[in-house]
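Engineer: fold the following for me, if possible:
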Amino acid sequence: FLRRTLGSDGVRITMESALTARDRVGVQDFVLLENHTSEAAFIENLRKRFKENLIYTYIGSVLVSVNPYKDLEIYTKNHMERYRGINFYEVSPHIYAVSDNSYRSMRTERRDQCILISGESGAGKTEASKKILQYYAVTCPASDQVETVKDRLLQSNPVLEAFGNAKTLRNDNSSRFGKYMDIQFDFKGAPVGGHILNYLLEKSRVVHQNHGERNFHIFYQLIEGGEEDLLRRLGLERNPQQYQYLVKGNCPKVSSINDRSDWKVVRKALSVIGFSEDEVEELLNIIASVLHLGNIQYGGEDSGNAYITTDTQIKYLARLLGVDGLVLKEALTHKKIIAKGEELKSPLNLEQASSARDALSKAVYGRTFTWLVNKINVSLAYKNASVIGLLDIYGFEVFQHNSFEQFCINYCNEKLQQLFIELTLKSEQDEYEAEGITWEPVQYFNNKIICDLVEEKFKGIISILDEECLRPGDASDITFLEKLENTVGGHAHLTTHKLTDGKTRKVMGREEFRLLHYAGEVNYNVNGFLDKNNDLLFRNLKEVMCMSDNKILTQCFDRAELKDSRRPETAATQFKTSLAKLMEILMSKEPSYVRCIKPNDAKQAGRFDEVLIRHQVKYLGLMENLRVRRAGFAYRRHYETFLQRYKSLCPETWPSWQGKLADGVSTLVKHLGYKPEEYKLGRSKIFIRFPKTLFATEDALETRKHSLGERESHVSHAVVVQAWWKGILACRRARRRREAANTIRRFIKGFIYRHNERCPENEYFLDYVRYSFLMKLRRNLPKTVLDKSWPTPPTALIEASERLRKLYMQNMVWGYCKRINPEWKHQLEQKMVASEIFKNKKDNYPQSVPKLFVGTRLNGEEINPKVLQSLGSEKMKYAVPVTKYDRKGYKARPRQLLLTSNSAVIVEEAKLKQRIDYAALKGISVSSLSDGVFVLHVPTEDKKQKGDVVLQSDHIIETLTKVAICADKVNSININQGSITFTMGQGREGIIDFTSGSELLVAKAKNGHLSVVSRNNGGI
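Structural biologist: All right, here's what the predicted structure looks like:
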């Protein structure tokens, strides 16, 4: 105990820290271990506390948490209130203490905070982040709006867990993605928003799971909890064993997971977050479609080409994804190749087709997960707020078989360890050196050498992997391994089966390389590295998804992606870039740390596996952190801040200190009885070695405030100040009332004189009327160029209102035109031409308006190559199948109409039957009814032409619009009523009679005319 008398009132304050007095077993802060350099003593202290259900222990300000694998009654509302607003060391270690300390630091120091939660899978990281969110939801200020945000923050967890977590061998609820969440607070300290960043979702789990593991929770929740009608609509059965993507782990049910109950929680959470019923329906359509994709089976032809044997799945997929089933079926068995500007389709073999199916499943699920995170972010969006960030990201992973995913995850942990070193170890030493304080340096392993080995440009592992993925030739996983050996084979932290000694070769495969991480050695098998890094999806599969009617998929698969000829970044490079941005975010904030430890691999309560825990203590860097805390100083404050806060505790520094700040702080700490070993004075800061010293000073300050408030002189001064302030407030109220009365008086007088010319009596009222109209106009401006609504202006503003309306409409039209892309502009130009020619003139024109004109009605395969060869260099602008009626007998014959730059060409299979130069085209005739018959008129004197051409098209409006544009004959299209006369050759004329009827009929009439009976509506 340290006692000090404060002031002349004789109040004695006990400055003590109950840090050890409250310990039931062991010490609650590892800093107080006598043998703080002993790893055995460290683990023994953990064991003692774990056996007593004391799962939390400090290392200075770092919280160490051991997963109890059982429910503890330490997370009630009463516990939250106990930690609310209390100094860090006044109560037992707890996740709530870290939460509250970050919150108060954000509020008082006005600096963004972050809480970094780390540990391996199953250590309790996700649960720790939930407890922090719950703490803020309960203890922070609230309002109706804030309650909504709190609910959304909390309900985002079950949604993200359903879509991003899965049962693994080590953890029944393992996060298979990294998550960084910003919780945003307003100036009152209330949570008002949030933002989530997600990293490296384990998409491969969608199509494959190891034995004893499951796919993502949402699949099982949907099957077990979905209503019968919902499952029937989705084409699903209530049996996960029926789906290939769910049987590979041979673990459909888990005793600790209630999928049916979790389904109800997720459905409710989606509603709370703000998902509409349509969005939920389309989201579930996608989830069901992934299961149906997994059930697509392939057969092999004699040629080796794959074909789909399960048409039922295609039907379900077409409906659920909103795509054309035939197009999807072809895309799953063929790939599109672009060579020399031409598109070619190449059939896939069985292995390639299965890989394409799995790639589509992973892409659909992965992009939907990203959309889901973005949707949650929209519901939590808020600007200009203080922030507390929560990082819950996968822990270090070492399995019997480690692949690309483990490589990325462990690289991430190396970066986080590097950050931990920089922020809690190296930065400590740098600050002491800057302040001129000498202390015993702490030796620690700086893992920058490993980070550089992975991420260094041109010669890091990621660069080598990317180079193998991008280079031409036969690149494979083995060539990647060979290149690793040639490029970085001499690195001290990397070895391979070829490079290592004989003893190590016995435990290494020929297709493995070993990295010596800060946490230990890990062997990585290179099989699948290139495919997973490429993460490619065939172009025709992307095209199918871009054509989907599902609104979620249209956002996930952007059409602009198809036009981008650049190769997309590899998965490793994307992850490296996002990880660098995450490091920048974390470096910009004041960090707090929660280090989570898994006590055993069996998930058993009360079992303490010392070997497993010793390994985690090592790779979490806990001993290094403890050595720094004991060698250095736990807290530091600027002289000015320290003196301003605690000057009332010393008569010599109260009420103000006139000398140097350093001298004032020295006088203050001597008065408080600080021992020389408890503090050091630097160039601009005081360094306090033990947290208990600082908080004991805080306790003394709180008591001193009460003693100061009790003094009569201070009370009398307060009364004087209070009376003076009340007088000011009363004067302000009186002035506001007078101004209000004058305003009302002027308004009434202005209303009385409102019809007079502008004068002092009505100018205030008229100005108010103008202002009101402009504000009303601002709130009710038209939203689109087609909206012709406009508020009615007052008499004095009619002219100004009309000018504003014209200016606003011009601006909207300009903005609309600016946003139009070239393709849409071309479409609109064609539609304008069609409108000019056919509007109110031809019966089937209205049916063509909502339908887009296409570039051509015949693809390259439908046009005979000899025809294309005959056209030579002439560029074909449009092609459409037509029916030609002979001049003798009007017999119908199938033809193709090709429009080139210079002429219209009529083709029969491989023959060019007739070429009509645009310059020679006299005109075009068409009826006013809904038929598709038209006549191309040619000069009679042209001996090459045998007479006018009578054609019929199913796309009459589109076809004639294209002809008019290509031939520049917009004004040469004649729309006739009743009949059309045309030249048949040799001076003879023919007549086409048009009538209306129930069915389309084209035939030779008894009078020798061509009779066309039109339906009431027709094609485009």
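Engineer: what separates whichever strand or helix holds Ile748 from the chain centre, distance-wise?
Structural biologist: In this structure, Ile748 sits in helix 712-752 according to DSSP states H and E. Distance of helix 712-752 from its chain centroid, counting by C-alpha atoms, centre = their mean, to the nearest Å, is 52 Å.
Engineer: for it, packing partners?
Structural biologist: helix 763-779 (3 or more C-beta pairs under 8 Å, 6 or more residues apart in numbering; DSSP states H and E). Backbone N, C-alpha and C define where each C-beta goes, glycine included.
Engineer: before we move on, the earlier item: now the helix holding Ile748 against helix 763-779, angle please.
Structural biologist: When axes from the mean of the first three to the mean of the last three C-alpha atoms, to 10 degrees is applied, the directions of helix 712-752 and helix 763-779 differ by 90 degrees.
Engineer: pLDDT-wise, which helix or strand of the chain ranks last?
Structural biologist: strand 11-15 (a mean of 24; mean pLDDT, DSSP states H and E).
Engineer: and the next helix or strand past that strand?
Structural biologist: Heading C-terminal from strand 11-15 (DSSP H and E), you reach helix 39-51.
Engineer: ok, residues contacting that next one?
Structural biologist: Contact partners of helix 39-51, identified using C-beta atoms under 8 Å, 6 or more residues apart in numbering, comprise 25-28, 30, 33-36, 55, 57, 64, 66, 68, 597, 599, 606, 608, 610, 613-614, 617, 622-623, 626.
Engineer: how about stretch 639-651?
Structural biologist: 6-7, 653-657, 661-662, 664-665, 667-668, 671-672, 684-686, 697, 700-701, 704-705, 708.
Engineer: let's see that with 6 Å instead.
Structural biologist: Applying C-beta atoms under 6 Å, 6 or more residues apart in numbering, the set of residues contacting stretch 639-651 from outside is Thr653, Trp654, Leu661, Ala662, Gly664, Val665, Leu668, His671, Ile686, Ala700, Leu701, Arg704.
Engineer: before we move on, what about stretch 744-752?
Structural biologist: Glu761, Asn762, Tyr764, Phe765.
Engineer: quick one: the second one and Ile752, what's the gap?
Structural biologist: The one in question is Asn762. Distance of Asn762 to Ile752, given as C-beta to C-beta, to the nearest Å: 8 Å.
Engineer: who has more neighbours, those two?
Structural biologist: Between Asn762 and Ile752, counting by other C-beta atoms under 10 Å, Asn762 is the more crowded of the two (20 against 11).
Engineer: dump the residue contacts of the more buried one.
Structural biologist: Gly750, Tyr753, Arg754.
Engineer: show me which of these are buried.
Structural biologist: Gly750, Tyr753 (16 or more other C-beta atoms under 10 Å).
Engineer: between the contacts of Asn762, which sits nearest Leu951?
Structural biologist: When the contacts of Asn762 are compared for distance to Leu951 (C-beta to C-beta), Arg754 wins out at 70.6 Å.
Engineer: okay, the contacts of Asn762 in TSV with distance to Ile820 and pLDDT next?
Structural biologist: Putting the contacts of Asn762 into TSV (distance: C-beta to C-beta, whole Å; pLDDT from 0 to 100) gives the following:
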residue	distance to Ile820	pLDDT
Gly750	48	85
Tyr753	51	86
Arg754	46	83
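Engineer: and which of the contacts of Asn762 is nearest Lys788?
Structural biologist: Of these, the one sitting nearest to Lys788 (C-beta to C-beta) turns out to be Arg754, at 29.4 Å.
Engineer: quick check: which element contains the closest one?
Structural biologist: Going by DSSP H and E, Arg754 is not part of any helix or strand.
Engineer: over to it: give its phi and psi.
Structural biologist: Dihedral pair for Arg754: phi -60, psi -30, per degrees, to the nearest 10.
Engineer: dump the residue contacts of it.
Structural biologist: With C-beta under 6 Å, 6+ apart, Arg754 has these contacts: Asn762, Phe765.
Engineer: how does it look with 8 Å?
Structural biologist: So Arg754 contacts Asn762, Phe765, Leu766, Val769 (C-beta under 8 Å, 6+ apart).
Engineer: with only the CA atoms kept, save stretch 798-815 in PDB.
Structural biologist: Extracted in PDB, the C-alpha atoms of stretch 798-815 (Å, rounded to 0.1, in the frame of the first residue of the first chain):
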ATOM      1  CA  ILE A 798     -44.000  32.500 -63.300                       C
ATOM      2  CA  GLU A 799     -41.300  33.800 -65.700                       C
ATOM      3  CA  ALA A 800     -38.400  32.700 -63.500                       C
ATOM      4  CA  SER A 801     -40.000  29.300 -62.900                       C
ATOM      5  CA  GLU A 802     -40.400  28.700 -66.700                       C
ATOM      6  CA  ARG A 803     -36.700  29.600 -67.200                       C
ATOM      7  CA  LEU A 804     -35.600  27.300 -64.400                       C
ATOM      8  CA  ARG A 805     -37.800  24.500 -65.800                       C
ATOM      9  CA  LYS A 806     -36.100  24.800 -69.200                       C
ATOM     10  CA  LEU A 807     -32.600  25.000 -67.800                       C
ATOM     11  CA  TYR A 808     -33.300  22.000 -65.500                       C
ATOM     12  CA  MET A 809     -34.700  19.900 -68.300                       C
ATOM     13  CA  GLN A 810     -31.800  20.800 -70.600                       C
ATOM     14  CA  ASN A 811     -29.400  19.800 -67.800                       C
ATOM     15  CA  MET A 812     -31.200  16.400 -67.300                       C
ATOM     16  CA  VAL A 813     -31.200  15.700 -71.000                       C
ATOM     17  CA  TRP A 814     -27.500  16.500 -71.200                       C
ATOM     18  CA  GLY A 815     -26.700  14.300 -68.200                       C
END
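Engineer: next, the buried residues of it.
Structural biologist: Using 16+ other C-beta under 10 Å as the test for burial, stretch 798-815 gives Ser801, Leu804, Arg805, Met812.
Engineer: and if you look at stretch 297-304?
Structural biologist: Quick answer for stretch 297-304 (16+ other C-beta under 10 Å): Tyr298.
Engineer: if we can go back for a sec, now for the buried residues of stretch 798-815, which pair is the farthest apart?
Structural biologist: The widest separation within the buried residues of stretch 798-815 (C-beta to C-beta) is 16.1 Å, between Ser801 and Met812.
Engineer: give me the phi and psi for the residue lying closest to Asn173 once chain neighbours are set aside.
Structural biologist: Nearest non-adjacent residue to Asn173, counting by C-beta to C-beta, 6 or more residues apart in numbering: Asn165, 5.3 Å away. With angles defined as degrees, to the nearest 10, Asn165 sits at phi -110, psi 160.
Engineer: show me what Asn165 is bridged to.
Structural biologist: Beta-bridge partners for Asn165, by DSSP bridges, are Ser175.
Engineer: show me what contacts it?
Structural biologist: Thr126, Asn173, Ser174, Ser175, Arg176, Phe216, His217 are the contacts of Asn165 under C-beta under 8 Å, 6+ apart.
Engineer: skipping its backbone neighbours, what lies nearest the fifth one in space?
Structural biologist: Taking C-beta to C-beta, 6+ apart as the measure, Arg176 lies nearest to Glu202, with 4.0 Å between them; neighbours along the chain are not counted.
Engineer: where's Ile273 relative to Leu372, distance?
Structural biologist: 10 Å.
Engineer: so what sits against both of these two?
Structural biologist: Val159.
Engineer: out of these two, which sits in the busier spot?
Structural biologist: Leu372 (25 against 20).
Engineer: sticking with that one, tell me its helix or strand.
Structural biologist: Leu372 belongs to helix 350-380, assigned by DSSP H and E.
Engineer: what is the rounded mean pLDDT of that helix?
Structural biologist: Helix 350-380 shows a mean pLDDT of 93.
Engineer: next one: stretch 827-839
Structural biologist: 91.
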